[in-house]
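Enquirer: any chance you can model this:
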Amino acid sequence: MRAVVVERTGGPEVLQVREWTTPEPGPGQVRVDVAASGVNFIDAYERAGAYPKETPFVAGSEGAGTVSAVGPGVDDVAVGDRVAWAMVPGGGYAEQVVVPAERVVPVPVDVDLDIAAAVVLQGMTAHYLCESTFPVAPGHTVLLHAGAGGVGLLLTQMVAAKGATVLATTSTEEKAALAREAGAAEVVLYDDVDLAAEVRRLTGGRGVDVVYDGVGRATFQAGLDSLVPRGMMVLFGASSGPVPPLDPQVLNRKGSLFLTRPSLTHYIAERDELLTRARDVFALVGSGALSVRVGGRYRYAEAGRAHADLEGRRTTGKVLLVP
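Expert: Coordinates of the predicted model:
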């Protein structure tokens, strides 16, 4: 089979298509014929060596497809089942992958497999952010960075559906239009303004109840300055780089703020929670209540360009690799 392999860490050019041994499922595992693989910043961090892994390795950690074989001890997944998975190391950019059976989730018949691959990780991320980390309620005002990104577009829709107000940030007018279409009440081009001052203006001086920040270094300080007293900073990514160390006393001075750095891993650690979040997300997609934007489909030979486009902020929605 073919796979996209990292033989040495570095830039996007190190992603190379190679012939790879077809995997066989062991105890508690299933093999999946991959329909599409999701591309995520985590993949880029691993490729670059920021998240160390032993080389060579097959890149990727999320996707969707059809089960083609099951290993011993697997009772609740069968050959022919349509499944998706997320946060599974080595389970991505290949024509066939082996995934622990307890980590796959069923894909309903009314959800296409490429859409499942596009929404499984980022949809569950948006779900835990607004349902669990900071449960959004009617009347809340939310500041959401990278509003036209994969998580941003999904989270905007979920938050707006709850009766909360979304202030989104983007880097271009084209992306701003996508954020507004998803339900953002206001969109700020964060490269062009004093972000905290603009947020205060838009909220009549009050500020926001929560900041969802997947950008990191470039937006973190302005986000803290935008919060109401006892508001929450939810830092769930660092696409612009890591946030510098912070003296906790700063949180006191700015109004007894809360700061958390969550990860999807810890919000789907138990299978029951994994299934519940996936079921909720797929139900929203199947009903038409949640629109999934696939910003680009790339062939395996274009994996390097997919990473370069993602890191260069040239993408919107979800980026997929297809065999």
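
Enquirer: what packs against the worst-scoring helix or strand of the chain on mean pLDDT?
Expert: The helix or strand of the chain with the poorest confidence is helix 41-48; it has a mean of 93 (mean pLDDT, DSSP states H and E). Applying 3 or more Cβ pairs under 8 Å, 6 or more residues apart in numbering; DSSP states H and E, one finds that helix 41-48 contacts helix 303-311. Any C-beta I mention is one placed from the backbone N, CA and C, and that applies to glycine too.

Enquirer: just the strands in the stretch 51-200 of the chain please.
Expert: 57-58, 63-70, 82-85, 96-100, 105-106, 141-144, 165-170, 186-189 (DSSP state E, counting those that start in this stretch).

Enquirer: and the ones you listed as JSON lines, adding mean pLDDT?
Expert: Output for these, formatted as JSON lines (pLDDT from 0 to 100):
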{"stretch": "strand 57-58", "mean pLDDT": "96"}
{"stretch": "strand 63-70", "mean pLDDT": "98"}
{"stretch": "strand 82-85", "mean pLDDT": "98"}
{"stretch": "strand 96-100", "mean pLDDT": "97"}
{"stretch": "strand 105-106", "mean pLDDT": "98"}
{"stretch": "strand 141-144", "mean pLDDT": "98"}
{"stretch": "strand 165-170", "mean pLDDT": "97"}
{"stretch": "strand 186-189", "mean pLDDT": "96"}
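
Enquirer: break the chain into its domains for me.
Expert: 2-120+284-322, 138-261 (automatic domain parsing).

Enquirer: how long is the last one end to end?
Expert: What it means is domain 138-261. 24 Å (Cα to Cα, to the nearest Å).

Enquirer: so how far is it from its chain's centroid?
Expert: In this view, domain 138-261 has its centroid 16 Å away from the chain centroid, taken as Cα atoms, centre = their mean, to the nearest Å.

Enquirer: can you put the strands of the stretch 51-200 of the chain in a markdown table and add mean neighbour count and distance to T315?
Expert: Shown next, in a markdown table, are the strands of the stretch 51-200 of the chain (neighbours: other Cβ atoms under 10 Å; distance: least, Cβ to Cβ, whole Å):
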| stretch | mean neighbour count | distance to T315 |
| --- | --- | --- |
| strand 57-58 | 18 | 22 |
| strand 63-70 | 22 | 17 |
| strand 82-85 | 25 | 21 |
| strand 96-100 | 21 | 23 |
| strand 105-106 | 20 | 25 |
| strand 141-144 | 28 | 17 |
| strand 165-170 | 27 | 12 |
| strand 186-189 | 20 | 17 |
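
Enquirer: which one of those lies nearest to R279?
Expert: Closest approach to R279 among these (Cβ to Cβ): strand 105-106, 7.7 Å.

Enquirer: who does A69 form a beta bridge with?
Expert: When bridges are called by DSSP bridges, A69 pairs up with R31.

Enquirer: any idea how many residues pack against the nearest residue to D225 once chain neighbours are set aside?
Expert: Nearest non-adjacent residue to D225, counting by Cβ to Cβ, 6 or more residues apart in numbering: A196, 3.7 Å away. Here the number of neighbours of A196 (other Cβ atoms under 10 Å) works out to 17.

Enquirer: for A146, see how far away A196 is.
Expert: Computed as Cβ to Cβ, to the nearest Å, the A196 to A146 distance reads 17 Å.

Enquirer: would you mark the buried spots in the least confident helix or strand of the chain?
Expert: Buried residues in helix 41-48, counted by 16 or more other Cβ atoms under 10 Å: 41-44, 46-48.

Enquirer: make CSV out of those residues and add distance to V83.
Expert: Formatted as CSV, those follow (distance: Cβ to Cβ, whole Å):
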residue, distance to V83
F41, 24
I42, 20
D43, 20
A44, 25
E46, 23
R47, 25
A48, 29
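
Enquirer: any idea which of those is closest to A185?
Expert: F41 (26.7 Å).

Enquirer: residue contacts, the closest one?
Expert: F41 sits next to 237, 239, 310-311 when contact means Cβ atoms under 8 Å, 6 or more residues apart in numbering.

Enquirer: quick one, what contacts W20?
Expert: Here W20 is in contact with 1-3, 5, 58, 94 (Cβ under 8 Å, 6+ apart).
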